[in-house]
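A.B. asks: Using only what follows, build the 3D model:
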Amino acid sequence: MKDLFGKAILDFQTNNSPEDLITETSISEADEMSVAYLFRSFDEMPKIEQKALQIAKGRVLDVGCGAGSHSLYLQKERNLDVLPIDISPNAIQACNLRGLKNAIVENLLAIEYEKFDTILLLMNGTGIFKNIEETPVFLQKLKNLLNPNGQILIDSSDIIYMFNEDEDGGKWIESNGYYGELTYTVSYKNQTEDTFPWLYLDYNTLQNAASANGLQSELILEGEHYDYLAKLFV
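C.D. replies: Numbers count the residues shown, from 1 in each chain. Okay, here's the model as predicted:
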């Protein structure tokens, strides 16, 4: 991986001529994304993200923290003990420059001997599960990282709306796997990132997967466009 997302974040943080990111998926055309969006303040965040930050408690693990905007709010405004992690060295460098105390380059699955009261997975948190098949591995890991009475706050979208309807109102979906399993490609400054798997889960599917892995789920909030925030707990 060329860490283009991270490069864009670091370029923006250091005023190194940042440009828009170009994102494309297996079911959607190339789309421009302003890097500035990753640096949004609490007031600029979608209601789902605001809600997650308001109900976060105790020691917090921010998985895939990116530019660190969620962690920064929790550290500064909520005075919580936050561990922001990302697999992008460039993004973590930007987080450190922004004043995050504990940001580290780390893969969720590699964390051991740590426990948290809240685990945050925002901006389509189910994306890191990659596909339906690997989802149980991640759910078990998240469950094992929770303190008693801990919570996993995770958001995603039901992307069924992106598929065409036939005359009967049914959806045209290829039958090879779950419709939320996408491949994602990122381009930045004329460089193209390796394509990687990315998973969108509708709430019922997440609920079923959670239940199969010993987790209860609660639908906390639904957004304006098929998106939702869920809480998973033991």
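
A.B. asks: what about stretch 102-118, start to end distance?
C.D. replies: From its first residue to its last, stretch 102-118 covers 16 Å (C-alpha to C-alpha, to the nearest Å).

A.B. asks: Just the mean pLDDT for it, thanks.
C.D. replies: Averaging pLDDT along stretch 102-118 gives 97.

A.B. asks: Now do the helices in this structure.
C.D. replies: 4-13, 47-55, 69-76, 89-97, 135-144, 203-212 (DSSP state H).

A.B. asks: Adding distance to Leu120 and mean pLDDT, write those helices out as CSV.
C.D. replies: Where you see a C-beta, it was placed from the backbone N, CA and C, and this is true even at glycine. Output for those, formatted as CSV (distance: least, C-beta to C-beta, whole Å; pLDDT from 0 to 100):
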stretch, distance to Leu120, mean pLDDT
helix 4-13, 18, 97
helix 47-55, 6, 98
helix 69-76, 6, 98
helix 89-97, 14, 98
helix 135-144, 11, 98
helix 203-212, 15, 98
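
A.B. asks: quick one: which of the ones you listed is nearest His225?
C.D. replies: Comparison of the helices of the chain against His225 by C-beta to C-beta identifies helix 47-55 as nearest, at 10.3 Å.

A.B. asks: about what we covered before: same list, the helices of the chain, but as a markdown table with mean neighbour count please.
C.D. replies: Output for these, formatted as a markdown table (neighbours: other C-beta atoms under 10 Å):
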| stretch | mean neighbour count |
| --- | --- |
| helix 4-13 | 23 |
| helix 47-55 | 19 |
| helix 69-76 | 22 |
| helix 89-97 | 21 |
| helix 135-144 | 18 |
| helix 203-212 | 17 |
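
A.B. asks: Buried residues, stretch 217-233. List them.
C.D. replies: Of all the residues in stretch 217-233, those buried under the rule 16 or more other C-beta atoms under 10 Å are Ser217, Ile220, Leu221, Tyr226, Asp227, Tyr228, Leu229, Ala230, Lys231, Leu232.

A.B. asks: quick one: which of the residues you listed is nearest to Asp117?
C.D. replies: The closest of the buried residues of stretch 217-233, once distances to Asp117 are taken by C-beta to C-beta, is Lys231, at 12.5 Å.

A.B. asks: For Pro148, which non-adjacent residue is spatially closest?
C.D. replies: Of all residues not flanking Pro148 in the chain, Val234 sits nearest, at 7.9 Å (C-beta to C-beta, 6 or more residues apart in numbering).

A.B. asks: measure the spatially closest residue to Ile111 that is not a sequence neighbour to Leu109 for me?
C.D. replies: Of all residues not flanking Ile111 in the chain, Leu145 sits nearest, at 6.4 Å (C-beta to C-beta, 6+ apart). Distance of Leu145 to Leu109, given as C-beta to C-beta, to the nearest Å: 10 Å.

A.B. asks: the more surrounded of the two?
C.D. replies: Taking other C-beta atoms under 10 Å, Leu145 and Leu109 do not tie; Leu145 has more neighbours (19 against 13).

A.B. asks: Which parts of the longest strand seen in the chain count as buried, going by neighbours?
C.D. replies: The strand that spans the most residues within the chain, counting by DSSP state E, is strand 146-157. Across strand 146-157, burial judged by 16+ other C-beta under 10 Å covers Leu146, Gly150, Gln151, Ile152, Leu153, Ile154, Asp155, Ser156, Ser157.
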